[in-house]
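>>> fold the following for me, if possible:
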Amino acid sequence: MGIIVGAMALFVVLSVFSGLKVFSLSFSNDIDPDLKITSTLGKSFLITPGQEAEIRKIDGVVSYSKIIEERVLFTFDNKQEVTYLKGIDSNYKKVNDVKKIIYSGQWLEDDAYQEVVVGYGLVQKLSLGLMDFNKHLEVLVPKAGKGTIENAEQAFNKQEIFPIGIYAINEDLDSKYVFADLTLAQELLEYKSNQISGIELKEKPNADENAIIQKLNSIFKGKVTIKNRAQLNESLYKMLNTENIAVYLIFTLVIVVALFNLIGALIMMILDKKGNLKTLFNLGVEIKNLRKIFLLQGTLLSLFGGLIGLALGIIIVLIQQHFQLIMITPTLAYPVVFSLENVLIVMATIVSLGFIASLIASSRVSKKLLE
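A predicted model of the protein is given here:
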């Protein structure tokens, strides 16, 4: 019973944390590309029509979008906020599913020069409204150059912009970006028409990511940094994986405590069957073969206990997946994910620890005990 409950609890908890991992990553994945190219040296790089043609030829790439990202100052009605201006081209909608993140209004149309899409967090901070022509949202970008600044006009490139849409993802990302047309961002930053800060790519399902990265490196002569979705969210992935490992170790400790009962039960059985063991020993059975009896019994107890516990855990997880019995909020069910990886982890843990426990208990069978 201890092994059954331990195996069931370990599988359910691992499935819950797998669900929470997928749930947490789903927010950032809404605006994260499959691959992102950035400059290795400096904030920007130049892209030629020939390089773009080569990118389009890569097998496994659905689409790509040229972008510019830069921290700038936004002002509205005597309020200020520093955040990222993200200039995007018309292909951005093909790389990221922007319909999923639109909270109000609409996404940018092609060549929408002064129109922008802002995050819900920025809307709250600046008290913005959509298509507010009475009060103008203004973007200010420091001018590049040297020398003494005599007035604000010399220091900044300015442009009035009009929010036409609001996006909502999560609390952190809702204040991070203001999406604008790529041409506007290039003009404000005084970039050339082929000067960008990054390229975002969407892959075909089951595409060979390593092969795509190799081709991209050959196109750009290794002068760019290419990151996949996991690398873009490296800190989040590390945090979630660390939590998963910590929970696994805690519940493995619970199983170890349960297996002490198995050791105790096997030792009691050895003492109970001492007379039978002595008879077998006198008939010529070696001590190592007598130990194998209890080693096999303990391992089989662990194996069948693990299988029963795992079966119960799978039933609980599948019921939660399909019927959503346990809720976090009235509208959000507790996320769980059934994974074969978790099944293998639980069985490997139970059988290996059960084998070690049985080995410890069976070592009590000795010539001294039988004499």
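
>>> before we move on, which element is the closest residue in space to residue 219 that isn't next to it in sequence in?
Nearest residue to residue 219, sequence neighbours excluded (Cβ to Cβ, 6 or more residues apart in numbering): residue 54, at 4.9 Å. Backbone N, C-alpha and C define where each C-beta goes, glycine included. In this assignment (DSSP states H and E), residue 54 forms part of helix 49-57.

>>> contacting residues around that helix?
Identification of contacts with helix 49-57 by Cβ atoms under 8 Å, 6 or more residues apart in numbering yields 61, 64, 199, 201, 215, 216, 219, 220.

>>> out of these, who's the most crowded?
residue 199 (26 neighbours; other Cβ atoms under 10 Å).

>>> specify the beta-bridge partners of the nearest residue to it once chain neighbours are set aside.
Excluding the flanking residues, the one nearest residue 199 by Cβ to Cβ, 6+ apart is residue 37, at 4.2 Å. Beta-bridge partners recorded for residue 37 (DSSP bridges): residue 199, residue 226.

>>> residue 37 contacts residue 198, correct?
Yes - applying Cβ atoms under 8 Å as the test, residue 37 and residue 198 come out as touching, 5.9 Å apart.

>>> which of these two has more neighbours?
In this view residue 37 and residue 198 are compared by other Cβ under 10 Å, and residue 37 has more residues nearby, 26 against 21.

>>> for the more buried one, which residues are in contact?
Residue 37 neighbours (Cβ under 8 Å, 6+ apart): 198, 199, 200, 201, 216, 220, 224, 225, 226.

>>> just flag the most distant two among those.
Spatial extent of the contacts of residue 37 (Cβ to Cβ) is set by the pair 200 and 220 at 14.6 Å.

>>> remind me which residues of the stretch 51-200 of the chain are low pLDDT?
145-153 (pLDDT under 70).

>>> what of the stretch 201-350 of the chain?
Looking at the stretch 201-350 of the chain by pLDDT under 70, you get an empty list.

>>> just the element for residue 85, please.
Judged by DSSP H and E, residue 85 forms part of strand 79-88.

>>> and that strand, which strands flank it?
In the sheet, strand 79-88 lines up with strand 61-76 (antiparallel), strand 177-181 (parallel) (DSSP bridges).

>>> ok, and what's touching the shortest one?
It refers to strand 177-181. Contacts to strand 177-181, defined as Cβ under 8 Å, 6+ apart, come from residues 31, 74, 83-88, 92, 108, 111-113, 115-119, 122, 139, 161, 167.

>>> just the buried subset of those, please.
Burial by neighbour count, 16 or more other Cβ atoms under 10 Å: within these this picks out 31, 74, 83, 85-88, 92, 108, 112, 115-119, 122, 139, 161, 167.
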